[in-house]
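Engineer: Let's see this in three dimensions:
(one chain, ligands or ions: 2)
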Amino acid sequence: MEDKANKVIIFDTTLRDGEQAPGCSMTIDEKIHVARRLQRLGVDAIEAGFPAASQGDFDSVKEVASSVDNLIVAGLARCVPEDIEKAAEAIQPAPKGRIHVFLATSEIHRRHKLKKARDEIIKMAVKGVKEAGKFCPDVEFSPEDASRTEPDFLSEVVEAVIDAGAKTVNIPDTVGYAIPWQFGEIIGMLMENVKNINEAVISVHCHNDLGLAVANSLEAIRNGARQVECTINGIGERAGNCALEELVMTLRTRRDVFNAYTSINTRQIVHASKIVSNVTGMMVQRNKAIVGENAFAHEAGIHQDGVIKERSTYEIMSPEDVGAEKSRLVLGKHSGRHAFHDRLKELGIELSENQFEHVFEDFKSLADKKKQIFDEDIEAIVREVLEAGETAHVVVELLNFHISSGTGTVPTATVELNIKGEKNTDAATGDGPIDAVYRAIDRITEMECTLADYTIRAVTGGKDAMGEVTVQVETKGRSERGRATSTDIVEASTRAYIMAVNRILRKEQNNSVP
Ligand code: KIV
Ligand code: ZN
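Structural biologist: Numbers count the residues shown, from 1 in each chain. Ligands and ions are numbered 1, 2, ... in the order given. Below is the predicted model of the structure:
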């Protein structure tokens, strides 16, 4: 029987801090998809966004709050009434809502950013917590840049916000500056000096600028923290946040050291990692702990021999524990709707009727091109359909393209686009077929775009695998990501580019509305 006092609450902020990572923005449908996946993973709370940041953020927090059924949904807010009201409204549909208010407390932030004295900061923090408490009983407070805040002042702030009603006090290492023993001491100091500390859960939120986010979070747990804020694959601002999978698997594998547990269903970890990586376009490095492709691959002969004789010689966790089994062959050309529907259910994918119809249609046409369809193929199709939710606002649509390339010829592309109902065709040459297509698109749209990043990966193994292309396109100070999947990689490259162009145009349109 687990001792409840040793339960570590997992507060996932993939949809908020994770989404703040450059190029990681998600559509509302993608956020819902990730939120449901996090629910299946067993996280206790998700931070769905920062509702006052934009209408898009507000809408997505609200939609996510309506789409989950047994976890806490938090909305972030500064200590100002407008932010708090927006957060309260956005989390309203959630089964359990939380308002997370924050205010910087360190000397650097007080002096340069806020231009406020210590007593003013305390007043603002207390006011913010009380204001949030009017809307929602579950209030969390974060003293931003806590790890660089003077210990006596930090203790004062923590005591004041707990008195004001904060049920969770989160200690962020906002700039990833702390080192483990020092961060542990801060938590230990708060546990010892703050007289009402037992009336709140102490949480931590560590950034990974020095690669220490997980180590710092673990040291905090050793010193009494009982909530950790983390993200899938460790995505987030700059170098990212504490990686959920690393923290959870360390607690599980080294229970002997930590004597703490989480409610995470570890067998769902790899799946959640793949979904977040796919949706954000942020690839996971091959040697990444727990979820990297090589995390359980034994190359050296001595290691392989050892594992065959006895797994524990070289494996401290088994791939099954994190759900890293080989991908399953699912369905083929003759599979019917029912079998397809059941497989989606097993994968934990919930779609509206309309989305299901689209996904099924795309599955059928893929089955015509590709003999065997794997889970990863289905997930790629689902992603495409979720992203296609944006097509209502598409400005540029691909009608046709044709390329000519080969040894001894100049790669040439002809592209036909529909722009606001008008057909436009142009051709261009390039140093390869994709370059030629992109130049032809730029000529038609009259946009001078730079391709800041281009990645391609095979969705599954096999020569007939679908290629997934992710691009980052920049123009006039705007930068947007696009992604597309196809068995034809030039087509995938073309559609990915057009998606990014549409996102840029849409942002331009939104900003030109007075
Ligand atoms: O890094 C940080 O300090 C934050 C807070 C808003 C918790 O993200
Ligand atoms: Zn953060």
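Engineer: which regions of the stretch 351-500 of the chain sit below the pLDDT cut-off?
Structural biologist: Residue ranges of the stretch 351-500 of the chain with pLDDT under 70: 389-393.
Engineer: quick one: the helices in it?
Structural biologist: Secondary structure of the stretch 351-500 of the chain, counting by DSSP state H, counting those that start in this stretch: helices at 353-369, 375-388, 433-445, 489-512.
Engineer: quick one, which of these is nearest to residue 89?
Structural biologist: helix 489-512 (21.2 Å; C-beta to C-beta). For every residue, glycine as well, the C-beta is placed using N, CA and C.
Engineer: can you give me the offset of the helix or strand residue 271 falls within from its chain's centre?
Structural biologist: Assessed by DSSP states H and E, residue 271 sits inside helix 269-280. Offset of helix 269-280 from its chain centre (C-alpha atoms, centre = their mean, to the nearest Å): 8 Å.
Engineer: Packing partners of it?
Structural biologist: Packing partners of helix 269-280 (3 or more C-beta pairs under 8 Å, 6 or more residues apart in numbering; DSSP states H and E): helix 28-41, helix 244-253, helix 375-388.
Engineer: and of those, who's closest to ligand 1?
Structural biologist: Among the helices and strands packed on helix 269-280, helix 244-253 comes nearest to ligand 1, with 15.3 Å by C-beta to the nearest ligand atom.
Engineer: so what secondary structure elements neighbour the helix or strand following the closest one?
Structural biologist: Downstream of helix 244-253, the next assigned helix or strand under DSSP H and E is helix 255-258. Packing partners of helix 255-258 (3+ C-beta pairs under 8 Å, 6+ apart): helix 213-222.
Engineer: Give me the residues contacting the helix it packs on.
Structural biologist: 8, 171, 173, 176, 178-181, 183-184, 187, 202, 204, 206-208, 225, 228, 230, 234, 240-243, 246-247, 250-251, 258, 260 (C-beta atoms under 8 Å, 6 or more residues apart in numbering).
Engineer: hang on, the earlier thing: tabulate the helices and strands packed on helix 269-280 (JSON lines), appending distance to ligand 1 and mean neighbour count.
Structural biologist: Formatted as JSON lines, the helices and strands packed on helix 269-280 follow (distance: least, C-beta to the nearest ligand atom, whole Å; neighbours: other C-beta atoms under 10 Å):
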{"stretch": "helix 28-41", "distance to ligand 1": "18", "mean neighbour count": "22"}
{"stretch": "helix 244-253", "distance to ligand 1": "15", "mean neighbour count": "23"}
{"stretch": "helix 375-388", "distance to ligand 1": "26", "mean neighbour count": "21"}
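Engineer: To residue 268, which of these lies closest?
Structural biologist: Across the helices and strands packed on helix 269-280, residue 268 has its closest neighbour in helix 28-41 (4.4 Å, C-beta to C-beta).
Engineer: Need the residues that contact the closest one.
Structural biologist: Contacts of helix 28-41 (C-beta under 8 Å, 6+ apart): 12, 14-15, 19, 26, 46, 48-49, 56, 59-60, 63-64, 67-71, 232, 264-265, 268-269, 271-272, 275-276, 279, 348-350, 355, 382-383, 386-387, 389.
Engineer: Just the closest residue of the stretch 251-400 of the chain to ligand 1, please.
Structural biologist: residue 280 (17.2 Å).
Engineer: Please work out how many residues are found near that residue.
Structural biologist: Residues lying near residue 280 (other C-beta atoms under 10 Å) number 24.
Engineer: OK, contacts around the closest residue to it other than its chain neighbours?
Structural biologist: Nearest non-adjacent residue to residue 280, counting by C-beta to C-beta, 6 or more residues apart in numbering: residue 24, 4.2 Å away. By C-beta under 8 Å, 6+ apart, the residues touching residue 24 are 18, 235, 280, 281, 282.
Engineer: Would you mind identifying the helix or strand in this protein with the lowest mean pLDDT?
Structural biologist: When the helices and strands of the chain are scored by mean pLDDT, DSSP states H and E, strand 329-331 comes last with a mean of 65.
Engineer: in the helix or strand that that one is followed by, what's buried?
Structural biologist: Beyond strand 329-331 in the direction of the C-terminus, DSSP H and E gives the next helix or strand as helix 337-346. Neighbour-count burial for helix 337-346, with 16 or more other C-beta atoms under 10 Å as criterion, is recorded at 340, 343, 344.
Engineer: Take those residues and write them to JSON lines, including pLDDT and distance to ligand 1.
Structural biologist: Shown next, in JSON lines, are the buried residues of helix 337-346 (pLDDT from 0 to 100; distance: C-beta to the nearest ligand atom, whole Å):
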{"residue": "340", "pLDDT": "86", "distance to ligand 1": "40"}
{"residue": "343", "pLDDT": "85", "distance to ligand 1": "37"}
{"residue": "344", "pLDDT": "87", "distance to ligand 1": "34"}
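Engineer: Out of those, which is nearest to residue 307?
Structural biologist: Scanning the buried residues of helix 337-346 for proximity to residue 307, where the rule is C-beta to C-beta, the winner is residue 343, at 31.1 Å.
Engineer: The closest one touches residue 378, doesn't it?
Structural biologist: Yes: using C-beta atoms under 8 Å, residue 343 is in contact with residue 378, at 6.7 Å.
Engineer: need the helices of the stretch 351-500 of the chain in TSV with distance to residue 311, can you?
Structural biologist: TSV is the format used below for the helices of the stretch 351-500 of the chain (distance: least, C-beta to C-beta, whole Å):
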stretch	distance to residue 311
helix 353-369	37
helix 375-388	25
helix 433-445	44
helix 489-512	38
